[in-house]
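J.: Here is my input, please return the structure:
(chains A, B, C and D)
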2 protein chains.
Amino acid sequence: MKDIKKRSDCPISSSLDIWGDKWSLLIVRDLMFAKECTYGDFLKSDEKIATNILASRLLTLETNGIITKHGHPESKAKVLYKLTPKGVDLLPLMMEINLWADKYFALPKERKAMLEEVKKDKEGFIREKTISLLNNS
Amino acid sequence: MKDIKKRSDCPISSSLDIWGDKWSLLIVRDLMFAKECTYGDFLKSDEKIATNILASRLLTLETNGIITKHGHPESKAKVLYKLTPKGVDLLPLMMEINLWADKYFALPKERKAMLEEVKKDKEGFIREKTISLLNNS
DNA sequence: TAATTTTGCTTGCGTTTTGCAAGTGCAAAT
DNA sequence: ATTTGCACTTGCAAAACGCAAGCAAAATTA
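T.: Have a look, this model is predicted:
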């Protein structure tokens, strides 16, 4: 259904073809901080994504192997979304966005704390967070 | 004119508010590879951005301090666009996009060569490229 | 057991953004 | 003097977005 058209062979362009919009990386962000989210969890995020947009982005991300759907262990009505390894591999990129924003915006202090950790040992932080996210998928 | 509305305090969200679309980072990419571009140069890129979209993105990037306009040394008719230091600071993020894409897409071989260099010494590559870009602004 | 609520979406519809083509004004070349 | 090049702007149809309402299945409550 959600077929991506590649605009060129450029890796930047190909990447943006998948998640280059205002919402997709926020979904990835939620999954990186929460490890797993239900549809309703995404809707509760601060940015207030519209439900039809959320559905369409989840589909695109799933089609492109960034996230997967899982049944909830306690309820058939609920769906759990998780990052795939390909999605977890977006972690370094997400951290660089955080670091860039840290330099030019005022950050919420909870995030600031994490960023200090990242600045101290970027590779170490990413390595451990990656492992912890992969253990969950 | 181009006033960005912040959807939340999240750094990822604030960043996407500025360059979170299919085109802005391609403009940044062109400037990182070419150091400076004219309006026409951007139009010539493989992805074939529409001229009105290009104009609107250039304005947003300029308004948000990512790029600046300069007169062309040899012609009043030409305009040179360059990255500001804030724009150059997007280099680590751009490299992570490249590295992610390298893992999941087939890359053009010229880009592949650069990526090998990056993989060998990421920090070193970024440090030197940053200096070289800043010398130009 | 029946009624209500929760959950994960889908549908309709007005508004905004995009993409394509053509046009404009100034500078430079012929 | 006229044509070409360059940096945009404008008009318009098509697509995407954003909001509200609707819907079916599962879970909870009465």
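
J.: Determine the next helix or strand in the C-terminal direction from the worst-scoring helix or strand of chain A on mean pLDDT.
T.: Taking mean pLDDT, DSSP states H and E as the measure, helix A:109-120 is the helix or strand of chain A with the lowest mean score, a mean of 94. The first helix or strand that comes after helix A:109-120 along the chain, using DSSP states H and E, is helix A:122-134.

J.: rewinding a little: mind listing what's buried in the least confident helix or strand of chain A?
T.: A:Arg111, A:Leu115, A:Val118 (16 or more other Cβ atoms under 10 Å in any protein chain shown). No exception for glycine: its C-beta is placed from N, CA and C like everyone else's.

J.: Likewise for stretch A:92-110?
T.: For stretch A:92-110, by 16+ other Cβ under 10 Å, it's A:92-102, A:105, A:107.

J.: go on, stretch A:50-58?
T.: So for stretch A:50-58, counting by 16+ other Cβ under 10 Å, buried means A:Leu54, A:Arg57, A:Leu58.

J.: separation between the second one and A:Gly20?
T.: I take that to be A:Arg57. For A:Arg57, the distance to A:Gly20 (Cβ to Cβ, to the nearest Å) stands at 12 Å.

J.: Distance check, the spatially closest residue to A:Asp9 that is not a sequence neighbour against DNA strand C.
T.: If the residues on either side of it in the chain are set aside, A:Asp9 comes closest to B:Pro108, at 5.0 Å by Cβ to Cβ, 6 or more residues apart in numbering or on different chains. According to Cβ to the nearest atom of the strand, to the nearest Å, B:Pro108 and DNA strand C sit 22 Å apart.

J.: Give me the pLDDT for B:Pro108.
T.: Reading off the confidence values, B:Pro108 has pLDDT 91.

J.: rewinding a little: and the buried residues of helix A:109-120 as a markdown table, adding distance to B:Ile126?
T.: Shown next, in a markdown table, are these (distance: Cβ to Cβ, whole Å):
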| residue | distance to B:Ile126 |
| --- | --- |
| A:Arg111 | 23 |
| A:Leu115 | 18 |
| A:Val118 | 16 |
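
J.: With respect to DNA strand C, which of those residues is nearest?
T.: Among the buried residues of helix A:109-120, A:Arg111 lies closest to DNA strand C (Cβ to the nearest atom of the strand), at 25.2 Å.

J.: Who are the contact partners of the closest one?
T.: A:Asn98, B:Cys10, B:Pro11 (Cβ atoms under 8 Å, 6 or more residues apart in numbering or on different chains).

J.: Spell out, range by range, the helices that occur in chain A.
T.: A:11-19, A:24-34, A:39-44, A:51-63, A:85-88, A:91-104, A:109-120, A:122-134 (DSSP state H).

J.: Compare those helices and say which comes out lowest on pLDDT.
T.: Here these differ in mean pLDDT, and the lowest is helix A:109-120 at a mean of 94.

J.: Quick test: name the residue nearest the centre of chain A.
T.: Using Cα atoms, centre = their mean, the residue of chain A that lies closest to the mean C-alpha position is A:Val28, 1.0 Å off.

J.: thinking again about what came up before, check the contact between the residue nearest to A:Asp9 and A:Ile12; I expect there is one.
T.: No. Checked against Cβ atoms under 8 Å, the pair B:Pro108 and A:Ile12 is beyond contact range at 11.4 Å.

J.: Kindly present the buried residues of helix A:109-120 as CSV, with separate columns for distance to DNA strand C.
T.: Shown next, in CSV, are these (distance: Cβ to the nearest atom of the strand, whole Å):
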residue, distance to DNA strand C
A:Arg111, 25
A:Leu115, 29
A:Val118, 31
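
J.: From those, pick the one nearest DNA strand D.
T.: For the buried residues of helix A:109-120, the nearest to DNA strand D is A:Arg111 (23.1 Å; Cβ to the nearest atom of the strand).
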